[in-house]
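Undergrad: here's a sequence, model it:
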Amino acid sequence: MKLGALAAAAQLNLPQGAETQVTGFAIDNRKVAPGTVFGAFQGLTVNGEDFIPAAITAGAVAVVARPEAKVEGAVHIADPVPRRAFARLAAEFFRPFPECVVAVTGTNGKTSTVEMTRQIWRMAGQRSASIGTLGVTTADESVSTGLTTPDIVTFLANMSGLAREGVTHVAFEASSHGLSQYRSEGPRVLAGAFANLSRDHLDYHKDMEDYFAAKMRLFDEVVEPDGAGVVWMDDEWSARAAAHVRARGLRLFGVGEAADGDGIRLLSRTPGQLGQVLEIEYAGRQRQLNLPLIGGYQAANALVSAGLALATGSDEAQVFDALSRLQPVRGRLERAAIARSGAPVYVDRSGQDVGVPKLSYSGVISYENSTTAGFSYVASIDYSYRGARSFPLLGPIYSIDSYWLVNANLIFRPDDSPWEFGLWGRNIFDEKYDETRNTFGAGGDNFAVPGAPATYGVRVGVRL
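TA: Numbering: from 1, shown residues only. Reported below is the predicted structural model:
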């Protein structure tokens, strides 16, 4: 494929080299081969422009970089926003893409929502896939990509490969990093969804407004002008997200208790031991859905998934029937076993607020949310933090923040009676655990670690 044709299709100015043959794209100079177009971008810690000479030595025929970058021995495609220019150029190289593509953004729920959307499409007879934290998932396999939103070359190559395999419908996670770095460009995105927003990634975004603005690129620029915006309407940021949808002229499809008649309005939710019953209203008609998943946020994810399917033309009868047959998403309130008492045991690795019980200081399991009564619950949180931090060990465990515990395993009994509990393993300072205060050492309700550059870990559990 010739560079001139790619540049013309991407509406980019090409100073020379129109007849140059292009064989591939790369943003890592170690993956450059003869005929490659190399993307050189400035990052937070590494400047890709420093690797331009190495990329050209390896065979790069063109470099997409800022106008100020020094490029000798290859065509310099200069652009003030080189990530965007590179994405547009690469998209022309990797076409075709699946015909129906949707994207999901938000702090929590992206992984579950794209996977549930894939399942709904599959049950409606469409060849479908999801791309995100769990990798590239189809009905046949799941392949890891290592990132919520892969780099642009991997993303486009995956999309192209799926299309060539006959996949027509794809749902992908659009992270704030991926959106701000133009890692989601190329395919025609027919609908985008906003799930929620809470504090996260403020090491990358300067504040919550910047974080929200990155998310809103999905509606402001990525979704097709005649597309749809699906918004979970019960989040504190929902009204502002809906305003972005309207300002772009997209069709607003609201979901939740605050949704209007143009979307899916949640009338009631009744939890059960193995799932929940949802009363909804859609297109002027009330329906009762038996969702085989527990947790309020699972209901939200499922309904947003249904909204994406409906907003892109799926049949409503097939969509709502599929909700009753959804399978748990791997590691997201996934039922692992049934205890001898008959109570189900669930595993969750998302670290989200799902209304799970908290351990009271007396050692009694007290269910603070009636929706979880009758459940065993297992949570695995994998997070490492290096440096000084005060860790609430057994605070309200359903409100785990990003710095809480490393490799914590929390197991709850299925009723309100007292159960023996304790910590096993040890922390790095080997402090004695005080059962009356639920702390290590004498630091009150927090375990304060004074500045040692180490990884902290605690394992917490209740014996079944």
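Undergrad: can you show me the strands along the stretch 51-200 of the chain?
TA: 62-65, 75-78, 100-105, 128-132, 135-138, 142-143, 169-173, 189-194 (DSSP state E, counting those that start in this stretch).
Undergrad: comparing these by mean pLDDT, which bottoms out?
TA: Mean pLDDT is lowest for strand 142-143 among the strands of the stretch 51-200 of the chain, at a mean of 76.
Undergrad: look up how far Pro67 lies from Ile77.
TA: Applying C-beta to C-beta, to the nearest Å, one obtains 10 Å for the distance of Ile77 from Pro67. Yep, even glycine has a C-beta here, placed from its N, CA and C like the rest.
Undergrad: of these two, who's got more company?
TA: When Ile77 and Pro67 are compared for neighbours, Ile77 comes out ahead with 26 against 9, by other C-beta atoms under 10 Å.
Undergrad: pull the number of nearby residues for the nearest residue to that one once chain neighbours are set aside.
TA: Leaving aside its sequence neighbours, Ile77 sits nearest to Val64 (C-beta to C-beta, 6 or more residues apart in numbering; 4.6 Å). Using other C-beta under 10 Å, the number of residues around Val64 comes to 29.
Undergrad: before we move on, what about Ala5?
TA: Ala5 - counted by other C-beta under 10 Å - has 15 other residues nearby.
Undergrad: check what pLDDT it gets.
TA: On pLDDT, Ala5 comes in at 96.
Undergrad: for it, give me its contacts.
TA: The contact partners of Ala5, taken as C-beta atoms under 8 Å, 6 or more residues apart in numbering, are Glu92.
Undergrad: try the one 5 residues further on
TA: Taking C-beta under 8 Å, 6+ apart, we find Ala10 in contact with Ala85, Arg88, Leu89, Ala91, Glu92.
Undergrad: now, which of the residues you listed lie within helices?
TA: Counting by DSSP state H, the part of the contacts of Ala10 found in helices is Ala85, Arg88, Leu89, Ala91, Glu92.
Undergrad: between these, which sits nearest Gly313?
TA: Ala91 (23.4 Å; C-beta to C-beta).
Undergrad: which residue is the nearest non-sequential neighbour of that closest one?
TA: Nearest to Ala91 is Gly186, by C-beta to C-beta, 6+ apart, at 3.2 Å.
Undergrad: show me the helices in the stretch 201-350 of the chain, by range?
TA: Using DSSP state H, counting those that start in this stretch, the helices of the stretch 201-350 of the chain run over 208-217, 238-248, 296-311, 316-323.
Undergrad: can I get the ones you listed in TSV with mean pLDDT and mean neighbour count?
TA: Converted to TSV, the helices of the stretch 201-350 of the chain look like this (pLDDT from 0 to 100; neighbours: other C-beta atoms under 10 Å):
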stretch	mean pLDDT	mean neighbour count
helix 208-217	91	18
helix 238-248	97	18
helix 296-311	94	26
helix 316-323	97	18
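Undergrad: okay, the ones you listed in TSV with distance to Gln276 next?
TA: Below are those laid out as TSV (distance: least, C-beta to C-beta, whole Å):
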stretch	distance to Gln276
helix 208-217	28
helix 238-248	22
helix 296-311	6
helix 316-323	11
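Undergrad: to Glu165, which of the ones you listed lies closest?
TA: helix 296-311 (20.9 Å).
Undergrad: export that closest one to PDB, keeping only CA atoms.
TA: Provided in PDB are the C-alpha atoms of helix 296-311 (Å, rounded to 0.1, in the frame of the first residue of the first chain):
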ATOM      1  CA  GLY A 296     -26.900  -3.300  41.900                       C
ATOM      2  CA  TYR A 297     -24.000  -2.400  39.600                       C
ATOM      3  CA  GLN A 298     -24.500  -5.600  37.700                       C
ATOM      4  CA  ALA A 299     -28.000  -4.500  37.000                       C
ATOM      5  CA  ALA A 300     -26.700  -1.200  35.800                       C
ATOM      6  CA  ASN A 301     -24.100  -2.800  33.500                       C
ATOM      7  CA  ALA A 302     -26.600  -5.200  32.000                       C
ATOM      8  CA  LEU A 303     -29.100  -2.400  31.300                       C
ATOM      9  CA  VAL A 304     -26.400  -0.200  29.700                       C
ATOM     10  CA  SER A 305     -25.400  -3.200  27.600                       C
ATOM     11  CA  ALA A 306     -29.100  -3.600  26.500                       C
ATOM     12  CA  GLY A 307     -29.200   0.100  25.700                       C
ATOM     13  CA  LEU A 308     -26.100  -0.300  23.400                       C
ATOM     14  CA  ALA A 309     -27.700  -3.200  21.600                       C
ATOM     15  CA  LEU A 310     -31.000  -1.400  21.200                       C
ATOM     16  CA  ALA A 311     -29.400   1.800  20.100                       C
END
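Undergrad: and the angle from it to strand 169-173?
TA: Note on geometry: by axes from the mean of the first three to the mean of the last three C-alpha atoms, to 10 degrees, helix 296-311 and strand 169-173 are set 140 degrees apart in direction.
Undergrad: sorry, back to before: check the ones in helices among the contacts of Ala10 against Thr133 and report the nearest one.
TA: Ala91 (23.0 Å).
Undergrad: pLDDT wise, what is that closest one at?
TA: 97.
Undergrad: got a list of what it touches?
TA: Ala10, Leu156, Glu185, Gly186, Pro187.
Undergrad: so which of these are in helices?
TA: Those of the contacts of Ala91 lying in helices (DSSP H): Leu156.
Undergrad: need the contacts of Ala91 in CSV with pLDDT, can you?
TA: CSV is the format used below for the contacts of Ala91 (pLDDT from 0 to 100):
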residue, pLDDT
Ala10, 95
Leu156, 96
Glu185, 91
Gly186, 93
Pro187, 96
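Undergrad: where does the stretch 51-200 of the chain have low pLDDT?
TA: Under the criterion pLDDT under 70, the flagged ranges of the stretch 51-200 of the chain are 144-149, 199-200.
Undergrad: what's the local residue count around Lys110?
TA: Close neighbours of Lys110, defined as other C-beta under 10 Å, add up to 26.
Undergrad: if we ignore the residues flanking it in sequence, what's nearest it?
TA: Glu173 is the one closest to Lys110 (C-beta to C-beta, 6+ apart), at 4.2 Å.
Undergrad: what do you get for Ser198?
TA: Using C-beta to C-beta, 6+ apart, the closest residue to Ser198 is Thr107 (4.7 Å).
Undergrad: can you check Ala195 too?
TA: Take Ala195 and drop its neighbours on the chain: the residue closest to it by C-beta to C-beta, 6+ apart is Gly106, 3.0 Å away.
Undergrad: domain parsing for the chain?
TA: If you go by automatic domain parsing, the domain ranges for the chain are 3-91, 95-323, 334-462.
Undergrad: what is the end-to-end distance of the first one?
TA: Same thing as domain 3-91. 13 Å (C-alpha to C-alpha, to the nearest Å).
Undergrad: check the longest one too.
TA: Between the opening and closing residues of domain 95-323 we find a distance of 32 Å, counting by C-alpha to C-alpha.
Undergrad: Val319 is in contact with Ala283, correct?
TA: No: using C-beta atoms under 8 Å, Ala283 is not in contact with Val319; the gap is 11.5 Å.
Undergrad: Phe38 versus Lys31, what's the distance?
TA: If you go by C-beta to C-beta, the gap between Lys31 and Phe38 works out to 9 Å.
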